[in-house]
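J.: Please work out how this folds:
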Amino acid sequence: MLEPNFKYTHKIVNLLTRISAAREVILNSPLIPKWEVAIRREAIFRNAHSSTSIEGNRLSLAQVSELAQGREIMASRKDKQEVLNYLKVLENLGNLTNGREISEQNILNIHKMLTKETLENSGDCGVYRNRYVVVANRLTKEIIFRPPSNRNVPILMKDLIEWLNSKDEEKRELDPVIEAGIAHYEFVRIHPFIDGNGRAARVLASLILFLRGFDLKQFFCLDDYYDSDRQSYYQALQSVDQKTLDLTNWLAYFVEGVNVSINAVKERVIRLSSERLKKTKKGQIALTERQMKVVEIINQTGKITNRDVRTLFRISDEAALKEIKKLLALNIIKSKGKGRAVCYILVGD
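T.: Just a heads-up that it's a prediction; the model follows:
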């Protein structure tokens, strides 16, 4: 099983403390649900743009947003497909595993989703590489990293997955941010696939933060931090000595990225926190995934009907009405129109 080698420096400990404090502010801030949806969607768009951009995708953030909303844009088929694939993975982050454990099949499925219709050889999609590869600078073609032999990939991935699911007390007490950083690096080091390893590693880090309860609402945009200074990102990855595999420098960089990202969210949440909710002491309104999706649809289209809810979740009329009544009771939505023409809009619109 994997045995990560790193030290808790003063910098790492201080950053983890700041992260914890910022997270508490976010979790305890009263937000109107429509703003929660907006923050989540923006984070997903920015992550999809930044993570694919790191690997050469040419779409702008504005184009990613347009594409995500089903609008046609002028771009190559591959660039569009890469972004659509990444968006789909992030939008389904909570459904990528069965429970808190991450299986080998989960990893293969994630890669398959990320690389669908984008690889030269479709047979490389969702399967470990069957040949030796090197990582080279895109511009100079200089070899910057030599991953392990393809023969060792299944064994190394098994070790990583076993570590991720370990019930060992020391592992269970590990901060989710540190765990995500270790997994991110180890995945990149193993380089299990022919292509798409960077994207898959960044999704894995996001998935760990989600499963460990750190970023359940998907508010954070880590990939923006990497993309803002790609040279520093690659230098941090390359700073790990391949003989000792001491991850201390890499983790300091990774934790700093989480700190920057979470504080950006904190500042925005503070600005958006509803004074009305504070005064009435209702606190933050917790929504289920279904309820968040309903609010998201209303945010996009301006309204929703019972039939829309029924179709969206493939449930009965009675079950759809039940979901709507919950949101009505929370005073998040209100009805508009009568009879068959009735629809539902956000309160305040």
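J.: contacting residues for the nearest residue to G213 once chain neighbours are set aside?
T.: Excluding the flanking residues, the one nearest G213 by CB to CB, 6 or more residues apart in numbering is P176, at 7.4 Å. No exception for glycine: its C-beta is placed from N, CA and C like everyone else's. Going by CB atoms under 8 Å, 6 or more residues apart in numbering, P176 touches I208, L209, R212, G213, F214.
J.: rerun at 10 Å
T.: With contacts defined as CB atoms under 10 Å, 6 or more residues apart in numbering, the neighbours of P176 are I19, A205, I208, L209, F210, L211, R212, G213, F214, D215, V258.
J.: wait, what's in contact with the fourth one?
T.: L209 makes contact with L93, P176, V177, E179, A180, D215, L216, Q218, F220, L222, V258, according to CB under 10 Å, 6+ apart.
J.: I304 now?
T.: 293-298, 312, 320, 324, 327, 333, 343-346 are the contacts of I304 under CB under 10 Å, 6+ apart.
J.: So which of these are in strands?
T.: Assignment to strands by DSSP state E places the following of the contacts of I304 there: I333, C343, Y344, I345, L346.
J.: So the last one sits against A38, correct?
T.: Read that as L346. No. In this structure, L346 is not within contact of A38 by CB atoms under 10 Å, at 11.4 Å.
J.: Quick check: the closest residue to K334 other than its chain neighbours vs L160, distance?
T.: Excluding the flanking residues, the one nearest K334 by CB to CB, 6+ apart is V347, at 5.3 Å. Going from V347 to L160 by CB to CB, to the nearest Å gives 46 Å.
J.: coming back round to it: shared neighbours of L346 and A38, anything?
T.: Residues within reach of L346 and of A38 at once, by CB under 10 Å, 6+ apart, are I32, V295, N299.
J.: Would you reformat those residues as JSON lines and include pLDDT and distance to A75?
T.: Listed next are the shared contacts of L346 and A38 as JSON lines, based on pLDDT from 0 to 100; distance: CB to CB, whole Å:
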{"residue": "I32", "pLDDT": "71", "distance to A75": "34"}
{"residue": "V295", "pLDDT": "82", "distance to A75": "30"}
{"residue": "N299", "pLDDT": "72", "distance to A75": "25"}
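J.: Please identify the buried residues of the longest helix seen in the chain?
T.: Ordering each helix of the chain by length in residues (DSSP state H) puts helix 248-272 first. Of the residues in helix 248-272, 248-266, 268-269, 272 count as buried by neighbour count, 16 or more other CB atoms under 10 Å.
J.: One more: stretch 1-20?
T.: Going by neighbour count (16+ other CB under 10 Å), the buried part of stretch 1-20 is L2, P4, F6, I12, L15, L16, R18, I19.
J.: that older thread, the residue nearest to K334 against K336, yeah?
T.: No. V347 is beyond contact range of K336, at 11.0 Å (criterion: CB under 10 Å).
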